[in-house]
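Asks: Compute the structure for the input listed below.
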Amino acid sequence: MIILPAIDIKDGNCVRLFKGDYSTVQKVAESPYIAAQRFADAGATWMHMVDLDGAKDAKLVNADLIADVAKSSGLSVEVGGGIRDMKAVEYYLSRGINRVILGSAAVKDPQFVVDAVKNYGDKIVVGIDAKDGMVRAEGWIDSSDINYIELAKRMEDVGVKTIVFTDIDQDGTLAGPNLKQLDDLVHQVSCNIIASGGVAVLKDIINLAELDVYGAICGKAIYSGNLDLKLALEMTRKI
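Replies: Predicted coordinates:
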């Protein structure tokens, strides 16, 4: 299992939210460049980055900064937030980003996902964000009537290989990931599943590894000091 330390960008700052609520924004690092360097120094190989302004405004907002941070870090990077058309996908992939995450588009414009997968294969990741099992979109503001497993199956059918699943009620809470929903998802689709939301301590990493998920995104736990990234990375290499 890979660990992907996270950098969420809002107004150019490295921040965290509580349960995706933009009113709870909290700056957690001096700069995204410094945060990324710390991840690299700890031994990380991947990093997860999100343009929070982009997710809310449905367009690329912090893209130049994200691409520059990614390049300077030397890490493999996946990016989400505001990627609603092929031009946005091409922007990131042409600047060395390894994978782009399509979230709201999976709900609102499934044909775009089909076309993106056709053009870029496994560089296209779908982000499924759910509250009470039902998918949310547009920076988690818009609700839908689609169950997260149903959407995952649809994405699997069109060739998506990797899914980032976030339980919104766990995100930024340090209350532990939703192991039940993740376990159900792992057994319902063949896609690689990256768990997002709720990771707090080393035991959470162990629990996720036992579910056989492909990856785990860690944000607030690292910034708060609850989770030692270097130790977590060393442990996953032994499992």
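Asks: can you list the weak-confidence ranges in the protein?
Replies: 137-144 (pLDDT under 70).
Asks: can you give me the strands for it?
Replies: Using DSSP state E, the strands of the chain run over 2-10, 13-18, 21-27, 46-51, 76-80, 99-102, 124-131, 134-137, 142-147, 162-167, 192-196, 215-218.
Asks: As JSON lines, these with distance to Val114 would be great.
Replies: Backbone N, C-alpha and C define where each C-beta goes, glycine included. Shown next, in JSON lines, are the strands of the chain (distance: least, Cβ to Cβ, whole Å):
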{"stretch": "strand 2-10", "distance to Val114": "26"}
{"stretch": "strand 13-18", "distance to Val114": "30"}
{"stretch": "strand 21-27", "distance to Val114": "30"}
{"stretch": "strand 46-51", "distance to Val114": "23"}
{"stretch": "strand 76-80", "distance to Val114": "18"}
{"stretch": "strand 99-102", "distance to Val114": "11"}
{"stretch": "strand 124-131", "distance to Val114": "10"}
{"stretch": "strand 134-137", "distance to Val114": "17"}
{"stretch": "strand 142-147", "distance to Val114": "16"}
{"stretch": "strand 162-167", "distance to Val114": "15"}
{"stretch": "strand 192-196", "distance to Val114": "19"}
{"stretch": "strand 215-218", "distance to Val114": "24"}
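Asks: closest to Glu156 out of these?
Replies: Glu156 lies closest to strand 162-167 among the strands of the chain, at 8.2 Å (Cβ to Cβ).
Asks: Give me the contacts around the closest one.
Replies: With contact meaning Cβ atoms under 8 Å, 6 or more residues apart in numbering, strand 162-167 is reached by 48, 78, 80, 99, 101, 122, 125-131, 148, 152, 155, 177-178, 181-182, 185, 189, 191-198, 214, 217.
Asks: Make a PyMOL selection of the buried ones in these.
Replies: Restricted to buried positions by 16 or more other Cβ atoms under 10 Å, the PyMOL selection for the contacts of strand 162-167 reads:
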select buried, resi 48+78+80+99+101+125+126+127+128+129+130+131+148+152+155+177+178+181+182+185+189+191+192+193+194+195+196+197+198+214+217
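Asks: Surely Asp132 and Asn178 touch.
Replies: No - Asp132 is beyond contact range of Asn178, at 10.6 Å (criterion: Cβ atoms under 8 Å).
Asks: where do the contact lists of the two overlap?
Replies: Contacts common to Asp132 and Asn178, judged by Cβ under 8 Å, 6+ apart, are Asp169.
Asks: which one of the strands of the chain lies closest to Lys108?
Replies: strand 134-137 (6.2 Å).
Asks: Tell me the helices and strands packed up against that closest one.
Replies: When contacts are defined as 3 or more Cβ pairs under 8 Å, 6 or more residues apart in numbering; DSSP states H and E, strand 134-137 packs onto helix 104-108, strand 124-131, strand 142-147, helix 148-157.
Asks: For these, give me a markdown table that also has distance to Ala58.
Replies: Output for the helices and strands packed on strand 134-137, formatted as a markdown table (distance: least, Cβ to Cβ, whole Å):
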| stretch | distance to Ala58 |
| --- | --- |
| helix 104-108 | 7 |
| strand 124-131 | 14 |
| strand 142-147 | 10 |
| helix 148-157 | 19 |
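Asks: and of the ones you listed, who's closest to Ser224?
Replies: Between the helices and strands packed on strand 134-137, strand 124-131 lies closest to Ser224; by Cβ to Cβ that is 21.9 Å.
Asks: Neighbouring strands - and their directions - for that closest one?
Replies: Paired strands of strand 124-131, with direction, are strand 99-102 (parallel), strand 134-137 (antiparallel), strand 162-167 (parallel) (DSSP bridges).
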